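*Asks:* Sequence and predicted structure below; questions after.
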Amino acid sequence: MSIPQSGGGPIERFEQLAEYMESGCKPKDDWRIGTEHEKFGYCKDTLLPLPYDGPRSIRAMLEGLQQRFGWEPVFEQDHIIGLTHGGANISLEPGGQLELSGAPLETIHQTCDEVNEHLREVREVADRIGVRFIGLGAAPVWTHEQMPLMPKGRYKLMNDYMTKVGTHGTQMMRRTCTVQVNLDFASEADMVKKMRVALALQPVATALFANSPFFEGKPNGMKSWRSRIWRSLDDSRTGMLPFVFEDGMGFQRYVDYVLDVPMYFVYRDGKYINALGQSFRDFLKGELPALPGEKPTLSDWADHMTTVFPEARVKKYIEMRGADGGPWRRLCALPALWVGLLYDQSALDAAWDLVKGWDAETREALRVAASIDALQAETHGVNMLDLARETVKIAEAGLRARARPGAGGMVPDETHFLNALQESVETGMAPADELLAKYHGEWHGDLDRIYAEYSY
């Protein structure tokens, strides 16, 4: 989840909303890669999730990272709720999931180094207090009651609202993890094309990274339960955004969509003010019930943009949001997939050719099928494994064309970061298939085995 935005002055013209997004346009040489991933912490002896306070806790982890590795603390009231260092942030998801929001970097080599360094630091602090972390799309055993809500005002408001809309909101907050990548665009037209490809192929990412077949101690009938949760969360702020594929799509059309999403809050003086269900359009007119007579700032707009959760999201960059959290190799593979598809023009054109003939019904059907069957999905004449194989092939060509070397020039490009995905399209198995095979095989239904074998 995003931290409060800052630095935006008053909104004096309606056009500023779209201009805020447009200000993210960058020449290709300035495009960067920002990778985010979440993970569950637990006590090694009890296998129970970490509370916020105590000797083995989220607070202890954050303070340990601060003291040992020079991260700067971020507080809300008296609670440490995040860390920042060198353009990267560590933040808390609602159920205590620890998230690294990486710095904007030039290559997958750099972002993978960043992930590895972060996991090394986390492991060093965790070992000292008897804690481990695991990367999965959903908590495999823990119940809602076992997952504490972190002491952030944003989450208290969201938790209250999630009980009134959809059916799975509180599950998303407390018991899911994702890996995502944030990528740049050059222009409005470039943003539109990238968003269309990102949304259309997000089910492929869901299938390739499906890693949440268990919930509350047993198989749940899905390969990606995390994806299933998002399908029943809040229709007003989630989904595949059919309007993105219509004529007239641009910054202003996306602004109109976000303005129609009910508000959660307004952030003032370190506190979250309840604006649940209220309208940002009213806020622009100075008629927000939560703050009568007050008009919003660009920081308020930036905050509100973080409360929409479609499969791909635009701010000053595009966020790819369809993948389950997972093992470290896939934390590097996710940015490699999308950089390969979107940062080389020939690859982007090929990816668009792959999906441009689909209608909204097909795209939505693929989203549903991916969460259920992952790479075995087949719907509307589309075979997911064949589609994934072609998608990875295009991404590989895009990375080869980028030709960004690593390891001091010893590695010619970034294509090897796709190896985990190449294995999946060769075998037809997503991580969830491997987990289910172990559960029904050598684990003999003992899901506690997942912690020893799959923790970082």
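*Replies:* Perfect, thanks for sending it.
*Asks:* V425 belongs to a helix?
*Replies:* Yes: counting by DSSP: H, G, I helix; E, B strand; the rest coil, V425 is found in a helix.
*Asks:* tell me the contacts of the residue nearest to P94 when sequence neighbours are not counted?
*Replies:* Excluding its sequence neighbours, the residue lying closest to P94 (CB to CB, 6 or more residues apart in numbering) is M173, at 3.8 Å. Backbone N, C-alpha and C define where each C-beta goes, glycine included. M173 sits next to E93, P94, G95, L149, Y155, M158, N159, M162 when contact means CB atoms under 8 Å, 6 or more residues apart in numbering.
*Asks:* Tell me which helix or strand M173 sits in.
*Replies:* Using DSSP states H and E, the element containing M173 is helix 169-175.
*Asks:* Near R237, how many residues? Count them for me, please.
*Replies:* Residues lying near R237 (other CB atoms under 10 Å) number 19.
*Asks:* top of the contacts of M173 by neighbour count?
*Replies:* Going by other CB under 10 Å, G95 tops those with 28 neighbours.
*Asks:* unless I'm mixing things up, that residue is touching M147, no?
*Replies:* Yes: shown here, G95 and M147 form a contact pair, counting by CB atoms under 8 Å, at 4.1 Å.
*Asks:* okay, and the common contacts of those two?
*Replies:* Shared contacts of G95 and M147, counting by CB under 8 Å, 6+ apart, come down to P49, A139, R174, R175.
*Asks:* in the stretch 101-250 of the chain, which segments are predicted with low confidence?
*Replies:* Residue ranges of the stretch 101-250 of the chain with pLDDT under 70: 165-167, 169-170.
*Asks:* So which elements touch the top strand by length along the chain?
*Replies:* The residue-count maximum for a strand in the chain (DSSP state E) belongs to strand 33-43. Applying 3 or more CB pairs under 8 Å, 6 or more residues apart in numbering; DSSP states H and E, we find strand 33-43 packed against strand 98-101, helix 108-129, strand 131-134, strand 178-183, helix 328-342.
*Asks:* Quick one: closest of the ones you listed to E396.
*Replies:* Of all the helices and strands packed on strand 33-43, helix 328-342 sits nearest to E396, with 6.3 Å by CB to CB.
*Asks:* buried residues in the next helix-or-strand element following that closest one?
*Replies:* Toward the C-terminus, helix 328-342 is succeeded by helix 345-355 as the next helix or strand (DSSP H and E). For helix 345-355, a neighbour-count test (16 or more other CB atoms under 10 Å) marks A347, L348, A350, A351, W352, L354, V355 as buried.
*Asks:* And for stretch 414-430?
*Replies:* Under the neighbour-count criterion of 16+ other CB under 10 Å, stretch 414-430 has E414, T415, H416, F417, L418, A420, L421, Q422, S424, V425, M429, A430 buried.
*Asks:* so how far does it reach from one end to the other?
*Replies:* 22 Å (CA to CA, to the nearest Å).
*Asks:* Check stretch 396-410 too.
*Replies:* Start and end residues of stretch 396-410 are separated by 18 Å (CA to CA).
*Asks:* got it, and stretch 425-438?
*Replies:* Terminal residues of stretch 425-438 are spaced 20 Å apart (CA to CA).
*Asks:* Can you tell me what sits against it?
*Replies:* Contacts of stretch 425-438 (CB under 8 Å, 6+ apart): 207-214, 219, 223-224, 324, 326-327, 330, 374-376, 385, 388-389, 392, 424, 449-450, 453-454.
*Asks:* Drop anything exposed from those.
*Replies:* Among these, those scoring as buried are 207-214, 219, 223-224, 324, 326-327, 330, 374-376, 385, 388-389, 392, 424, 450, 454 (criterion: 16+ other CB under 10 Å).
*Asks:* And L342, how far from P289?
*Replies:* 41 Å (CB to CB, to the nearest Å).
*Asks:* Looking only at neighbour counts, state which of those two leads.
*Replies:* Ranked by neighbour count (other CB under 10 Å), L342 and P289 place L342 first, with 27 against 12.
*Asks:* show me the contacts for that one.
*Replies:* So L342 contacts L183, K194, V197, A198, I318, L348, A351, G398 (CB under 8 Å, 6+ apart).
*Asks:* Give the closest residue to it in space, chain neighbours not counted.
*Replies:* Nearest to L342 is K194, by CB to CB, 6+ apart, at 5.1 Å.
*Asks:* For the one you found, give me its contacts.
*Replies:* K194 sits in contact with L183, F185, I318, L342, L348, where contact means CB under 8 Å, 6+ apart.
*Asks:* so which two of the residues you listed are the farthest from each other?
*Replies:* The widest separation within the contacts of K194 (CB to CB) is 12.1 Å, between I318 and L348.
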